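**Q** Structure for this input, please:
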Amino acid sequence: MASAATKHTQHPGVQRSRKQRFVNKIWDSLDKSPEDRKLIAKIDWFILSYVCVAYFVKYLDQTNVSNAYISGMKQDLDMAGNDLNYLTTYWTIGYILGQIPSQIILTKVQPSIWLPSLELIWSILVMAMAATKDLKTIYILRFFVGLLEASAYPGIMTLLGNWYQPSELAKRACIFQASSSVAQMFGGYLQAALYANMNGAHGLAAWRWLFIFDGVIGIPIALYGYFAIPDSPTTTKARWLTSAEKQRAIQRMESVGRKPAKSLTLRNIINLFREWPVYLFTLSFTCYIQATRVYAYFNVWLKETGNYTVEQANVIPTAGYGTLVFFTLFFAWTSDGLNNRWLVIVFGATLSLIGAIILSVSVRPDGNTAAIIAGFILTYLVTGTAGIYMTYITEVCNYSYEHRALIIALADTAGYVFVAWLPLFTFNTGEAPWFKIGYKMTAIFLGLQIFFILLVPIARNRWPVGKYQHNPGNMREHDTEAQPAV
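**A** Now for the predicted structure:
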């Protein structure tokens, strides 16, 4: 099997031409063998098509309450004070409770069954929100939507890590991540269009139509997932892969030392907490998630100033998401080009830190509007590094599928534990649009995020990982050309 893998991959000692290196940086499959190009093209077509549209829908369903709130739901349901934050809190509680169990279930149940089934159910629940008559019912539905959506992000990131080598993963992870930004752009335009054209149609307010449209979109995508998701190279039954391609996919993962899934044991879980990655990645990613909350209140700020129409408050924030899409892709190609993950994460966080500082000093009654809008748009950019984070975790934890899956879930869950309650104080909507401490806390979290992620390359050089999994070496003993040096 090793010899079969060798003929398809470039030996680390062989020097590539300048043209080959350049082509590889543009798109990593272009300089591979015809067989590998065909395999990667298939994986890209089916996996990326599903994960991008599935996450697009997930983010629509997660964030649509913000658009609904400023488009009539606030008045129709007599919302006041922190009611908007409570909608996020109930969703977040479900999300927290669902992530780790979902990742554990994914070690037993095939992703091609688990992920689309949950998406199908939550899409139906989102449509049900259109029929609600009181806030309590929406709180309950939001909890269950969060519980089911908890499977999406860590499950998809784990799925990508099953099929792509380190030199390929960052681009795909960031393309996937960009789909969430496109979803939020689309959500703003969709709500503006519904408010202008369907408000009152068939007796339904525009915000109710938003829930109906978002739910309907998700159903065919969930059904497509049953066919498109290939599980893992060692367990796949995907009909769109030949036997030779399945074998080659296994060889590709073996060539970079990526271990297939095994049974999750108590010893495995104990070993996870004996290694440093779970602590540093969880601390840094928790701070990252808190920092990304700020721009969710951009449209609230626009609406509460009284200077913008409902349509403008829905549409103006899409400029931030458009900028984020560009920077997400820029971060991906830069990370691969520099062969570095942590530096790009620090760069993205620094740009958003500048934005948070601008907001901290500018958001006041006599503040400069252009500076405030620029500050908000800068705060979007740190979100573009999420795919780099997940790629970094996958590379550092190459030695264990279970540890990769659990760290991704733990990092995301820990972050959302704070999201469940912290915005009630930092972004109390009763204080909108000024938010006395929210912008300052965002700047603090960005500074802490940078500090913790800077510790990762230091720890990686001092303490090799995987020694408790009977693998004394770390990932750098494998295909060194494919692995980032830091």
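**Q** Of all the residues in stretch 56-73, which ones are buried?
**A** For stretch 56-73, the neighbour count (16 or more other C-beta atoms under 10 Å) marks 56-73 as buried. In short, each C-beta sits where N, CA and C put it, glycine included.
**Q** Please compute how far it lies from its chain's middle.
**A** Offset of stretch 56-73 from its chain centre (C-alpha atoms, centre = their mean, to the nearest Å): 17 Å.
**Q** Stretch 50-59 too?
**A** 10 Å.
**Q** which residues of the stretch 1-150 of the chain score low on pLDDT?
**A** 1-30 (pLDDT under 70).
**Q** Do a quick rundown of the helices in it.
**A** Along the stretch 1-150 of the chain, counting by DSSP state H, counting those that start in this stretch, helices occupy 2-6, 18-26, 34-43, 49-68, 74-76, 83-105, 111-128, 135-149.
**Q** Among those, which comes closest to F451?
**A** For the helices of the stretch 1-150 of the chain, the distance to F451 is smallest for helix 83-105, at 24.5 Å, taking C-beta to C-beta.
**Q** Now tabulate the helices of the stretch 1-150 of the chain in JSON lines and tack on distance to L169.
**A** Below are those laid out as JSON lines (distance: least, C-beta to C-beta, whole Å):
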{"stretch": "helix 2-6", "distance to L169": "18"}
{"stretch": "helix 18-26", "distance to L169": "14"}
{"stretch": "helix 34-43", "distance to L169": "12"}
{"stretch": "helix 49-68", "distance to L169": "13"}
{"stretch": "helix 74-76", "distance to L169": "42"}
{"stretch": "helix 83-105", "distance to L169": "18"}
{"stretch": "helix 111-128", "distance to L169": "17"}
{"stretch": "helix 135-149", "distance to L169": "23"}
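**Q** so which of those comes closest to P260?
**A** Of all those, it is helix 111-128 that lies closest to P260, at 13.6 Å by C-beta to C-beta.
**Q** Now do the closest one against helix 49-68: the angle between them, please.
**A** If you take axes from the mean of the first three to the mean of the last three C-alpha atoms, to 10 degrees, helix 111-128 sits at 20 degrees to helix 49-68.
**Q** So which bits of helix 111-128 are buried?
**A** Across helix 111-128, burial judged by 16+ other C-beta under 10 Å covers 111-112, 114-116, 118-128.
**Q** Stretch 129-141 too?
**A** So for stretch 129-141, counting by 16+ other C-beta under 10 Å, buried means M129, A130, T132, L135, I138, Y139, L141.
**Q** and what of stretch 415-433?
**A** By neighbour count on 16+ other C-beta under 10 Å, the buried set for stretch 415-433 is 415-416, 418-420, 422-423, 426-429, 431-433.
**Q** I'd like those residues laid out as TSV, including pLDDT, secondary structure and distance to R208.
**A** Formatted as TSV, those follow (pLDDT from 0 to 100; DSSP: H, G, I helix; E, B strand; the rest coil; distance: C-beta to C-beta, whole Å):
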residue	pLDDT	secondary structure	distance to R208
G415	92	helix	31
Y416	89	helix	27
F418	92	helix	31
V419	87	helix	26
A420	84	coil	26
L422	91	coil	30
P423	87	helix	25
T426	91	helix	30
F427	89	coil	26
N428	85	coil	27
T429	75	helix	21
E431	83	helix	28
A432	78	coil	23
P433	82	coil	26
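**Q** average pLDDT for the helix or strand harbouring I175?
**A** Taking DSSP states H and E as the definition, I175 sits inside helix 166-197. For helix 166-197, the mean per-residue pLDDT is 83.
**Q** Kindly report the same for stretch 235-247.
**A** Computed over stretch 235-247, the mean pLDDT rounds to 94.
**Q** So what would you say the end-to-end distance of it is?
**A** Stretch 235-247 has its terminal residues 11 Å apart, counting by C-alpha to C-alpha, to the nearest Å.
**Q** Equivalent analysis for stretch 67-81, please.
**A** Between the start and the finish of stretch 67-81 there is a gap of 17 Å, counting by C-alpha to C-alpha.
**Q** so how far is that stretch off the chain centroid?
**A** Relative to its parent chain, stretch 67-81 has a centroid offset of 27 Å by C-alpha atoms, centre = their mean.
**Q** Contacts for that stretch, please.
**A** 65, 83-84, 87, 134-135, 138, 187-188, 190-191, 194-195, 199, 205-207, 210-211, 299-300, 303, 310, 313-314, 428-430 (C-beta atoms under 8 Å, 6 or more residues apart in numbering).
**Q** cutoff 7 Å now
**A** 84, 134-135, 187-188, 191, 195, 205-207, 210, 299-300, 303, 310, 313-314, 429-430 (C-beta atoms under 7 Å, 6 or more residues apart in numbering).
**Q** In whichever strand or helix holds I458, which residues are buried?
**A** Using DSSP H and E, I458 sits within helix 438-462. Neighbour counts using 16+ other C-beta under 10 Å place 438-446, 448-450, 452-453, 456-457, 459-460 of helix 438-462 among the buried residues.
**Q** what do you get for stretch 216-236?
**A** Across stretch 216-236, burial judged by 16+ other C-beta under 10 Å covers 217-218, 221-222, 224-225, 228-233, 236.
**Q** distance between it and the chain's centre?
**A** The chain centre lies 18 Å from the centre of stretch 216-236; the measure is C-alpha atoms, centre = their mean.
**Q** now do stretch 258-270
**A** Distance, stretch centre to chain centre, for stretch 258-270: 24 Å (C-alpha atoms, centre = their mean).
**Q** end to end, how far does it reach?
**A** End to end - C-alpha to C-alpha - stretch 258-270 spans 20 Å.
**Q** Name all residues that make contact with T426.
**A** Residues in contact with T426 (C-beta under 7 Å, 6+ apart) are I437, G438, M441.
**Q** So what's the residue count around the first one?
**A** Neighbourhood size, I437 [other C-beta atoms under 10 Å]: 14.
**Q** How confident is the prediction for it, by pLDDT?
**A** With respect to pLDDT, I437 scores 92.
**Q** give the contact list for it.
**A** Contacts of I437 were listed using C-beta under 7 Å, 6+ apart, and they are T426.
**Q** For it, what are phi and psi?
**A** Dihedral pair for I437: phi -120, psi -10, per degrees, to the nearest 10.
**Q** distance of it from N340?
**A** According to C-beta to C-beta, to the nearest Å, I437 and N340 sit 34 Å apart.
**Q** Could you do L283 as well?
**A** Per C-beta to C-beta, L283 is found 20 Å from N340.
**Q** Same check on A222?
**A** From A222 across to N340, the span is 37 Å (C-beta to C-beta).
**Q** same thing with D61?
**A** D61 is 34 Å from N340, by C-beta to C-beta.
**Q** ditto for T158
**A** Distance of T158 to N340, given as C-beta to C-beta: 23 Å.
**Q** And these two? Which one has more around it.
**A** More crowded of T158 and N340, by other C-beta under 10 Å: T158, with 23 against 18.
**Q** Who are the contact partners of the more buried one?
**A** Applying C-beta under 7 Å, 6+ apart, we find T158 in contact with L106, R404, A405, I408.
**Q** distance between stretch 365-381 and the chain's centre?
**A** With C-alpha atoms, centre = their mean, you get 24 Å for stretch 365-381.
**Q** Start the count at 56 instead of 1 going forward.
**A** New numbering, starting at 56: the last item is stretch 420-436.
**Q** For it, list every residue counted as buried.
**A** I427, I428, G430, F431, I432, L433, T434, Y435, L436.
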